[in-house]
Structures are given as structure tokens and as C-alpha cells.
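Trainee: With the input below, show me the fold.
(2 chains)
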Amino acid sequence: NAGVTQTPKFRVLKTGQSMTLLCAQDMNHEYMYWYRQDPGMGLRLIHYSVGEGTTAKGEVPDGYNVSRLKKQNFLLGLESAAPSQTSVYFCASSYPYGYTFGSGTRLTVV
Amino acid sequence: RKEVEQDPGPFNVPEGATVAFNCTYSNSASQSFFWYRQDCRKEPKLLMSVYSSGNEDGRFTAQLNRASQYISLLIRDSKLSDSATYLCVVKGGGGNKLTFGTGTQLKVEL
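Mentor: Alright, predicted model coming up:
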């Protein structure tokens, strides 16, 4: 039972490059989320989805886009990476039961 | 003002000590409350839910005061393995979203 799987686990980008982070869950959860965590700060919500084909902005959405074309997958895109997007990114899923996190993606933008 | 506020610590305590963490939240409409544990460079994991009546899980006791918008966590007989960051988390609003405090770091020493 994999739970929530994030790929890649580590990535280094140059400023201006683009990339997509993939989150996959096998628990048939309706809701999925992308958070970022920076030193000295709690997790902050970037975007979330309450179902296939739906997305919504969280607390810190600027510079990111998301898509939920399939219920089990939630993609986070950075169109033009900036050093301020250096962070650890956590995906999570929930509903109706529980709240499960992926193991995180460490992204460095140089 | 942050939605969820915690003392960042660190709390350095000897093994066997009792330690208490506190947290306040600003949104009186918040519905559910939790303590999560986060080990270094890992994803957050649910430690326990928090109820107004107070609840206990082994050496851990959590308490919620809705009138004061205050949440607490008490750890008795601290173990070396309790060393981690403890995150105060509040759930509310549509989409089952979680709002995290910045976390309190605990270091249990011999």
C-alpha cells in the first residue's frame, strides 16, 4: 500500500527553468493538496483540489500552477523557477478519512 | 497575526522530564485540532487529535480550550525518541484544509 508518492524526491533547477512535480495517491481520496515548507515556517498551502478536474488557490499560489486530470494524480508546475521557490514540497490527500502526506520533494533553484 | 502560533523552542529537556507545548489559533470557526510530529527532513505524521474534553494517548495528553482558542500538548516521561518538531494544526473551511503552526522543536537529552 503505497499511500502518497511524490516524484522526484530531489531536484536542482536553474532560475527560469520549468518543471512539474507529480503526486500520486492510491487511497481513492477525493481531496489533494500541495504544501511548501521553508526553514522556521510551518507548512503553507499552495493549491488544493476537492475532486477530479477541480483546483483552488491556497495561501501562497503565486508562481505555481496545478492540474488534477485524474483523481489519483495532482501535478504542481513551476513555469519559470525563482530562487524564492527553493523549498521542501509536500503533497497530501484526504477525505473521506484521514490525511496522508507524501515524503516530500526537495527543490533547489539556483 | 499568524493563524496558528507556537513557541518555536527549542526545548531541551533531560530524559524522563515532563514538557508542555502550547499553541493559539485565531479563527474561532476552526473545526478540528491536531498535533503532528515531524522528524528532521521527513513528512509530518499525525500524533493525536485534540478534543475539548481532553484526550490521552500513553505518555501524551492533549487539551483544547475553545473559549481561549488555546491548544496544549503534555509529554510525560520524555524519551530520546521523542526528539522532533511538534506541529500544532487546525482544520477548517472548505476543502478539509489544514493550517500549520511553525512548530516547536523538542530535544530530549541523556
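
Trainee: hmm, the lowest-mean-pLDDT helix or strand in chain A in reach of chain B?
Mentor: Counting by mean pLDDT, DSSP states H and E, the weakest-scoring helix or strand in chain A turns out to be strand A:99-101, with a mean of 92. Yes: applying C-beta under 8 Å from any C-beta of the partner chain, one finds strand A:99-101 in contact with chain B at A:Tyr99, A:Phe101. C-beta coordinates here come from the backbone N, C-alpha and C atoms, glycine included.

Trainee: How many residues are close by A:Tyr31?
Mentor: Neighbour count for A:Tyr31, taken as other C-beta atoms under 10 Å in any protein chain shown: 22.

Trainee: thinking again about what came up before, any residues touching the least confident helix or strand of chain A, and which ones?
Mentor: By C-beta atoms under 8 Å, 6 or more residues apart in numbering or on different chains, the residues outside strand A:99-101 that reach it are A:3-4, A:25, A:27, A:29, A:90-94, B:43-46, B:96, B:98.

Trainee: Quick check on these: which are buried?
Mentor: Taking 16 or more other C-beta atoms under 10 Å in any protein chain shown as the criterion, what is buried in the contacts of strand A:99-101 is A:4, A:25, A:27, A:29, A:90-94, B:43-44, B:96, B:98.

Trainee: So which of the residues you listed is the closest to B:Arg37?
Mentor: Nearest to B:Arg37, judged by C-beta to C-beta, of the buried ones among the contacts of strand A:99-101 is B:Pro44 at 7.1 Å.

Trainee: residues contacting that closest one?
Mentor: Counting by C-beta under 8 Å, 6+ apart, B:Pro44 has contacts A:Leu43, A:Phe90, A:Phe101, B:Tyr36, B:Arg37, B:Gln38, B:Leu87, B:Val89, B:Phe100.

Trainee: and which of the residues you listed is nearest to B:Gly16?
Mentor: B:Arg37 (19.3 Å).

Trainee: Tell me the spacing between the closest residue to A:Ser67 other than its chain neighbours and B:Gly54.
Mentor: Nearest non-adjacent residue to A:Ser67, counting by C-beta to C-beta, 6 or more residues apart in numbering or on different chains: A:Leu75, 4.9 Å away. Counting by C-beta to C-beta, to the nearest Å, the gap from A:Leu75 to B:Gly54 is 41 Å.

Trainee: More neighbours: which of those two?
Mentor: A:Leu75 (19 against 13).

Trainee: gap between the two ends of stretch A:12-22?
Mentor: Using C-alpha to C-alpha, to the nearest Å, the end-to-end distance of stretch A:12-22 comes out at 16 Å.

Trainee: cool, stretch A:30-43 as well?
Mentor: 21 Å.

Trainee: what do you get for stretch A:23-41?
Mentor: First-to-last residue span, stretch A:23-41, C-alpha to C-alpha: 22 Å.
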